[in-house]
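# Compute the structure for the input listed below.
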Amino acid sequence: MSEMLDIRSLSVKVNGKLILKNINLKIKEGEIHALLGPNASGKSSLAYAIMGLTDYEITHGEILFKGTNITHLPIEERVKLGIALAFQNPPAIKNVKLSLLLKRISKEKPATLPSFLKELSVTSSFLEREINVGFSGGEKKISELLQILCLKPQFVILDEIDSGLDIINLNKLMKIIQERLIDNGVSILAITHRGDILQFLNPDLTHVMLNGEIVCSARDWRKPWETIVRCGYEKCEECKERELLTD
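Here you go, the predicted structure:
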């Protein structure tokens, strides 16, 4: 398999503060990677840097997507190349219906949209609501997933897609992710600080991030996760030099 995403020695600042330090990460076509870490460890910042948000200043290193250097490409160009991000906390957009956005970005005919809703057990009236205005946490996740499905990307970042969801709705979302993304060979980087999503995704590689650095990677997600559950992320701090969690 060829490499989909190749991050090389990436360091990133926000408002003059260094928040990502020498990140190296390679994700091949069709691979699923998970990124664990406590709050404020830099997980979402890595997602935003990959996506090209302007507040995230790359001070060192580069990002390659399918061999193309995208380090300084604007967001819209990255989307055209096939990169998509499901935001953890997407903004509300008043006076714009979700249906209008989906039709604008869809690479499929609009007639296929209700099938997504049916699979997610959402009524068609959901499409006629203003984007994320008054949405529950679960509805925001559904909105984000619908947008991703319409874009038909090659690489998707799921930023805490599991947060705020009960097990029933998580099951529904993961079924769609499996059938619509994973089964179609889409590469995924799933960011989380919970373990719920890991058993659904069964990632090829699981990474742990602390203080803006990836401190270990494991092929079996249970290895780092069970240590974190048992001892907390403090154990990862101790393992940082001893590399006890590294395959």
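# if I read this right, T206 contacts I197, doesn't it?
No. With contact defined as CB atoms under 8 Å, T206 does not reach I197; the gap is 10.8 Å. Using the backbone N, CA and C atoms, a C-beta is placed for each residue, glycine as well.
# Please identify which of those two sits among more neighbours.
Looking at T206 and I197 with other CB atoms under 10 Å, you find the greater number of neighbours at T206, namely 28 against 23.
# ok, and that one, which helix or strand is that part of?
Secondary structure from DSSP states H and E places T206 in strand 205-210.
# that older thread, and for T206 and I197, which residues touch both?
Taking CB atoms under 8 Å, 6 or more residues apart in numbering as the criterion, T206 and I197 both touch A34.
# circling back: which strands or helices does the strand holding T206 pack on?
On a contact count with 3 or more CB pairs under 8 Å, 6 or more residues apart in numbering; DSSP states H and E, strand 205-210 meets strand 32-36, strand 213-218, helix 222-231, helix 233-242.
# got TSV for those, with mean neighbour count and distance to I131 too?
Output for these, formatted as TSV (neighbours: other CB atoms under 10 Å; distance: least, CB to CB, whole Å):
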stretch	mean neighbour count	distance to I131
strand 32-36	25	27
strand 213-218	19	33
helix 222-231	16	34
helix 233-242	14	34
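# Let's have those in JSON lines, adding mean pLDDT.
Listed next are the helices and strands packed on strand 205-210 as JSON lines, based on pLDDT from 0 to 100:
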{"stretch": "strand 32-36", "mean pLDDT": "97"}
{"stretch": "strand 213-218", "mean pLDDT": "93"}
{"stretch": "helix 222-231", "mean pLDDT": "90"}
{"stretch": "helix 233-242", "mean pLDDT": "67"}
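# Next, L149: secondary structure please.
Following DSSP: H, G, I helix; E, B strand; the rest coil, L149 is assigned to helix.
# I'd like the distance from it to I168, if you could.
Counting by CB to CB, to the nearest Å, the gap from L149 to I168 is 20 Å.
# L117 reaches T123, doesn't it?
Yes. Counting by CB under 8 Å, L117 does reach T123; the two are 7.1 Å apart.
# Comparing those two, which shows the higher neighbour count?
Regarding L117 and T123, a neighbour count based on other CB under 10 Å identifies L117 as having more, with 16 against 10.
# Who are the contact partners of the more buried one?
Counting by CB under 8 Å, 6+ apart, L117 touches 123-124, 126-127, 146.
# By neighbours, which of these wins?
For the contacts of L117, the largest number of neighbours (other CB under 10 Å) sits with L146, at 24 neighbours.
# So which bits of the helix or strand where that one lies are buried?
Using DSSP H and E, L146 falls within helix 137-151. Within helix 137-151, the residues scored as buried using 16 or more other CB atoms under 10 Å are 138-151.
# Report the lowest-confidence entry in these.
For the buried residues of helix 137-151, the model is least confident at G138; its pLDDT is 85.
# Is it in contact with N169, as I believe?
Yes. Contact criterion CB under 8 Å: G138 and N169 qualify, at 4.9 Å.
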